[in-house]
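J.: I need the structure of the sequence given here:
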Amino acid sequence: MSYRIRISFLLILFMAGQAMAELVVWHRSPLDFGNFRYVYDIEVLRLALDKTRTTHGDYQLKAIPAASYARVLHSLRNNTYPNMLLEISYDKQLEDSGELTYINFPIELGIIGYRVCFVNPLVKDKIKQAKTLADLLPHTVGQGADWADIDILRHNGFTVIQVSNYTSLFRMVAGGRYDLLCRGANELMMEYEQYKHISNLTYDESFALVYRMPRFFYLSKKNIALKQRVEEGLKIAYADGSLLALWSKHNLQSVRFTQLPMRKIFYLDNPLIKDLPKDYEQYFIDPMLLK
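T.: This next block holds a predicted model:
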């Protein structure tokens with residue numbers, strides 16, 4: 001091989017390596033709504049990309065500027081940040097728009113659908129006496145303005161009050177503006193610690209609402225190569241146990257804190273997933289069996 005050909009060949013290899021290293025994957029800022037939300041999602045994304053580094057090359061993770069959910073979703077639809085992923089509860093309307101697709105792997109392994117509730121202190125004792133779901137329905141529920149739970153709870157007979165400001169949700173339930181603020185079993189402990197300075201903030205220990213609510217990574221249909229890579233990485237991480245280890249690191253303490261096996265369980269129907277194939281359920285964990 002001549003010197004000139006060898007140099008050209010090495011230059012091609014260098015440029016190819018640079019192209020692989022230049023993959024930038026965008027995600028939502030973990031500080032949008034506090035000091036821990038979305039951190040787990042970002043770490044799951046990092047794990048999936050690490051698992052495929054040898055086959056797909058290096059990458060960089062970058063956070064987009066902090067913004068509301070509506071603005072972030074607008075950026076996703078318009079592919080403002082190429083190779084951006086956004087964690088969203090399954091929403092068929094997003095697919096029907098023709099702009100977005102999702103990776104069919106439940107990021108939180110189903111735990112977000114086990115809901116335990118902050119409670120209005122004035123009705124805490126009364127709610128504790130509830131024996132059936134019907135006993136809970138007269139109580140109002142506060143939820144974030146963009147949360148999928150709104151449709152689920154209303155479908156099952158609850159009166160829901162939407163609140164646009166995340167921090168206000170905790171102040172309002174503590175102040176009796178509504179009776180319940182239901183959160184994932186993996187969220188309640190950390191949120192209680194973060195907002196326990198709010199006077200009278202307390203939580204119910206008697207029941208849990210349970211419904212299927214898978215959360216997926218959504219991305220633009222223009223980013224199919226990234227979709228394939230992340231899906232492959234998630235499945236590798238699930239199979240080798242590293243995803244469950246990451247899940248346990250971020251969620252297990254909080255799930256134990258909620259003492260789910262000691263609670264009455266009320267199952268709700270989720271009308272948003274009626275047309276969703278159930279193959280994602282193979283990745284769900286049963287928190288009642290965790291030790």
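
J.: Does the host helix or strand of Gln162 pack against any helices or strands, and if so which?
T.: According to DSSP states H and E, Gln162 maps onto strand 160-163. On a contact count with 3 or more C-beta pairs under 8 Å, 6 or more residues apart in numbering; DSSP states H and E, strand 160-163 meets strand 141-144, helix 149-155. Yep, even glycine has a C-beta here, placed from its N, CA and C like the rest.

J.: Can you tell me which of those is packed in deepest?
T.: strand 141-144 (a mean of 22; mean count of other C-beta atoms under 10 Å).

J.: Show me how far it is from its chain's centre.
T.: Chain-centre distance of strand 141-144: 17 Å, with C-alpha atoms, centre = their mean, to the nearest Å.

J.: same deal with stretch 198-206?
T.: What separates the centre of stretch 198-206 from the centre of its chain is 23 Å, taken as C-alpha atoms, centre = their mean.

J.: Do me a favour and get the end-to-end distance for stretch 239-252?
T.: Using C-alpha to C-alpha, to the nearest Å, the end-to-end distance of stretch 239-252 comes to 19 Å.

J.: could you pull out the strands for the stretch 151-291 of the chain?
T.: Assigned by DSSP state E, counting those that start in this stretch, the stretch 151-291 of the chain shows strands spanning 160-163, 180-184, 207-210, 215-220, 264-267.

J.: got a list of contacts for the first one?
T.: Around strand 160-163, the neighbours that count as contacts under C-beta atoms under 8 Å, 6 or more residues apart in numbering are 140-145, 149-150, 153-154, 169, 172, 177-178.

J.: Take these and write them to TSV, including pLDDT and distance to Ala239.
T.: Below are the contacts of strand 160-163 laid out as TSV (pLDDT from 0 to 100; distance: C-beta to C-beta, whole Å):
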residue	pLDDT	distance to Ala239
Thr140	98	44
Val141	98	38
Gly142	98	39
Gln143	97	35
Gly144	93	34
Ala145	90	38
Asp149	96	31
Ile150	96	35
Leu153	98	35
Arg154	98	38
Leu169	97	37
Met172	98	43
Arg177	98	46
Tyr178	98	43
